[in-house]
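Participant: Quick one, fold the following:
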Amino acid sequence: MSNTETRPAEMRCGTPGEDHRQGTAAPVQVLEPRDVPLGGPRAMTVRRTLPQRARTLIGAWCFADHYGPDDVARTGGMDVAPHPHTGLQTVSWLFSGEIEHRDSLGSHALVRPGELNLMTGGHGISHSEVSTPGTTVLHGVQLWVALSERHRHTRPDFQHHEPAPVRLDGAVVRVFLGSLAGSVSPVPTFTPLLGAEITLDPRAALTLAVDPGFEHGVLVDQGDVRAAGTLLRPAELGYVPDGAGELPLVNESDAPARVVLLGGPPFGEEIVMWWNFIGRSHEDIAQAREDWTVGTRFGEVKGYDGDPLPAPELPSVPLKPRGRAR
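Facilitator: From the prediction side, this is the model:
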């Protein structure tokens, strides 16, 4: 998915904050979403929790859009024209509906519920995303992973994986990246990562063994979920600092609840993140923008009916790299 904002902001890496509903410093930082339209007066709107000024990274996870349930007959669904990426990976994960993916490698795939589509931008790739004609309700998340300095110029790639569900007492877990609850994803990552969908039975309580070297994000899709003692409501993202080997989750609802759990060790590098690019300097970003504008580096997406997205104008002041604050 593209960041379709016409004036994308340079974001400062976050610092742990307070849960103001409790009035005291809490171990879980509650990140509120903001609405971002994908374009047009009848556009589908996404709820973005990463990046924001309070926090831009959870492990190497640097971008989280949450959308739906979206009535495609009303909004027209998703239609994101070809656009570029550098220095990152995109993770597509659906709860309902279907999206057609095309990229400049020649990949043509369908994103379906419970199936992972992982695209590596690396040195440069372009792709389009369009909900299929048979989709009536579109609902899911689009996530980005920052690539380390060692790997940010790696070759572009595309992978597909369908994780098997794991039934626990009171929950079903689908691990699409990393390992959790005895389930291990076969999809390789450039840095240690965790990505999983967890569906909790009504009023269920679950304590997950997690890597204490990871920080975690709990993105609530439906239901009210208490994570490590802090209540999270739908569309909120709870940041859990590294250091704990267990993550308690409690569904406070009388219906099933669903969360997406993200994790990874703190990302120790400074990055510049602007529009659809991740680099290390203003010059990195400016060069990527120029390459996209003149039609080099990113290849061609074949089969999409329409023009590629134009790059926004760069800000008038140089972009500065930001490190992860503790």
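Participant: phi, psi of residue 167?
Facilitator: phi -90, psi 120 (degrees, to the nearest 10).
Participant: What separation is there between it and residue 216?
Facilitator: Counting by C-beta to C-beta, to the nearest Å, the gap from residue 167 to residue 216 is 22 Å. Where C-beta positions appear, they are placed from N, C-alpha and C, glycine not excepted.
Participant: now residue 194
Facilitator: 7 Å.
Participant: who touches both of those two?
Facilitator: In terms of C-beta atoms under 8 Å, 6 or more residues apart in numbering, residue 194 and residue 216 are both contacted by the residues 59, 210, 261, 262, 263.
Participant: where's the second one relative to residue 191, distance?
Facilitator: Put plainly, it is residue 210. 16 Å.
Participant: For these two, indicate the residue with more neighbours.
Facilitator: In this view residue 210 and residue 191 are compared by other C-beta atoms under 10 Å, and residue 210 has more residues nearby, 20 against 16.
Participant: For residue 286, pull up the helix or strand it's in.
Facilitator: helix 282-294 (DSSP states H and E).
Participant: Now the residue nearest the centre of the chain. Nearest residue, chain neighbours left out?
Facilitator: In the chain, the centroid-proximal residue (C-alpha atoms, centre = their mean) is residue 143; its distance is 1.5 Å. Of all residues beyond its chain neighbours, the one nearest residue 143 is residue 91 (4.1 Å), with distances taken as C-beta to C-beta, 6 or more residues apart in numbering.
Participant: Go ahead and confirm residue 45 touches residue 33.
Facilitator: No - using C-beta atoms under 8 Å, residue 45 makes no contact with residue 33, being 10.4 Å away.
Participant: neighbour-wise, which of those two wins?
Facilitator: Comparing residue 45 with residue 33 by other C-beta under 10 Å, the one with more neighbours is residue 33, at 19 against 14.
Participant: how about that one, what does it touch?
Facilitator: 47, 48, 49, 66, 235, 236, 237.
Participant: and the fourth one, how many residues sit next to it?
Facilitator: Residue 66 has 23 neighbouring residues, counting by other C-beta under 10 Å.
Participant: what's the answer for the last one, then?
Facilitator: As a burial measure, the neighbour count of residue 237 was computed by other C-beta under 10 Å and equals 27.
Participant: correct me, but it touches residue 219?
Facilitator: Yes - at 4.7 Å, residue 237 counts as touching residue 219 under the criterion of C-beta under 8 Å.
Participant: Between those two, which contacts overlap?
Facilitator: Jointly contacting residue 237 and residue 219 under the rule C-beta under 8 Å, 6+ apart are 49, 64.
Participant: Neighbour count: residue 167 and residue 216, which is higher?
Facilitator: Using other C-beta under 10 Å, the more surrounded residue of residue 167 and residue 216 is residue 216, with 25 against 9.
Participant: My guess is that one contacts residue 29. True?
Facilitator: No - counting by C-beta under 8 Å, residue 216 sits too far from residue 29 to count as a contact (11.1 Å).
Participant: What distance do you get for the residue nearest to the centre of the chain to residue 71?
Facilitator: Separation of residue 143 from residue 71 (C-beta to C-beta) stands at 23 Å.
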